[in-house]
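Engineer: build me a model:
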Amino acid sequence: MTELTYLFLAENNFSASSIPRSWQNLENLKELSLKRTNLFNEIPDFLGSLTNLVLLDLDDNNLTGSIPQSLSSLPALRFLLLNRNKLSGEIPVAFANSTVFMFLVDNNTLTGDMSFMCDGDTRRDHVIADCGGNDPDIACEGECCQCCDKSSDEECNDFGLLANLDPMWDHGYKRKNYDFDMQKYIVYGNYN
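Structural biologist: Here you go, the predicted model:
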C-alpha cells in the first residue's frame with residue numbers, strides 16, 4: 001500500500017476513529033480526503049512527513065487539539081481543509097511561508113491573529129476563518145481572508161467543498177487541475 005497516491009474516503013459513516021498511524025508509510029500519497037468520516041482525537045503530526053501531499057481534507061469531523069506546525073512545511077500542499085472540527089489554539093505562524101493557497105479553518109475554536117496568511121509572496125485564493133462579527137474568534141486582516149461570523153444566523157462556508165472525484169487527467173494520468181464544485185461556487189486550482 002506504500003505506492004498509494006489517492007485516497008478518497010469522504011462522506012462515509014465510519015465508526016469513530018483516529019487517523020491510523022500505519023498511514024505514516026504512505027509516502028507517495030498526494031490526495032487524502034477524510035471529510036465527514038467520524039474522525040476524532042488530534043491531527044497526527046506524522047501527516048507532516050507525507051511530503052507529496054497536495055490535498056488534505058479533514059473537514060467536518062471531531063478533531064481536537066492544535067494544527068500541527070509540520071503541515072506548514074509540506075512542499076506540495078496546496079489545499080488544506082480543516083474546517084468544522086473542534087480545533088483550538090493559534091494557527092502556526094510557519095504557515096506564512098507555506099505553499100497552501102486554499103486554507104479553510106472556520107467553525108473551530110481557533111484564536112489569535114492569522115493576518116500573516118495574507119502577507120508574503122504565496123498566492124492565497126481562499127482563506128476562510130471565524131474572523132467576522134462583533135466578537136470574532138480569530139483576527140485576519142487582508143484581501144485573502146473571508147471572515148465568517150459564528151454568532152449570526154447565516155451559515156458561512158456551510159457548503160460541502162469536495163474535491164471532484166472525476167478530475168481532468170492529463171500528462172500521463174497526473175491530475176492537472178483541482179475542481180471544487182459546490183452549488184454556484186467553483187474553485188479551480190492548478191498546482192503545477
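
Engineer: helices and strands of the protein: which one bottoms out on pLDDT?
Structural biologist: Ranked by mean pLDDT, DSSP states H and E, the weakest helix or strand in the chain is strand 169-170, scoring a mean of 42.

Engineer: can you count the residues close to residue 16?
Structural biologist: 11 (other CB atoms under 10 Å). Bear in mind the C-beta positions are built from the backbone N, C-alpha and C, glycine included.

Engineer: tell me who's in contact with it.
Structural biologist: Shown in contact with residue 16 (CB atoms under 8 Å, 6 or more residues apart in numbering): 38-40, 62.

Engineer: filter the residues you listed down to just the ones in strands.
Structural biologist: Under the assignment DSSP state E, the contacts of residue 16 contribute 40, 62 to strands.

Engineer: neighbour-wise, give me the winner out of the contacts of residue 16.
Structural biologist: So for these (other CB under 10 Å), the most neighbours sit at residue 39, 19 neighbours.

Engineer: that one and residue 143, how far apart?
Structural biologist: Distance, residue 39 to residue 143, by CB to CB, to the nearest Å: 32 Å.

Engineer: where does the nearest residue to residue 86 once chain neighbours are set aside land in three-state SS?
Structural biologist: Using CB to CB, 6 or more residues apart in numbering and skipping residues adjacent in sequence, the residue nearest residue 86 is residue 64, 4.8 Å away. Under DSSP: H, G, I helix; E, B strand; the rest coil, residue 64 falls in the strand class.

Engineer: residue 64 touches residue 40, doesn't it?
Structural biologist: Yes: here residue 64 reaches residue 40: they are 7.1 Å apart, a contact under CB atoms under 8 Å.

Engineer: residue 73 versus the residue nearest to residue 86, what's the distance?
Structural biologist: Distance from residue 64 to residue 73, by CB to CB: 22 Å.

Engineer: same thing with residue 103?
Structural biologist: Taking CB to CB, one finds residue 103 at 15 Å from residue 73.

Engineer: which one of the two is surrounded by more residues?
Structural biologist: residue 103 (26 against 17).

Engineer: give the contact list for the more buried one.
Structural biologist: Here residue 103 is in contact with 80, 95, 117, 124, 126-128 (CB under 8 Å, 6+ apart).
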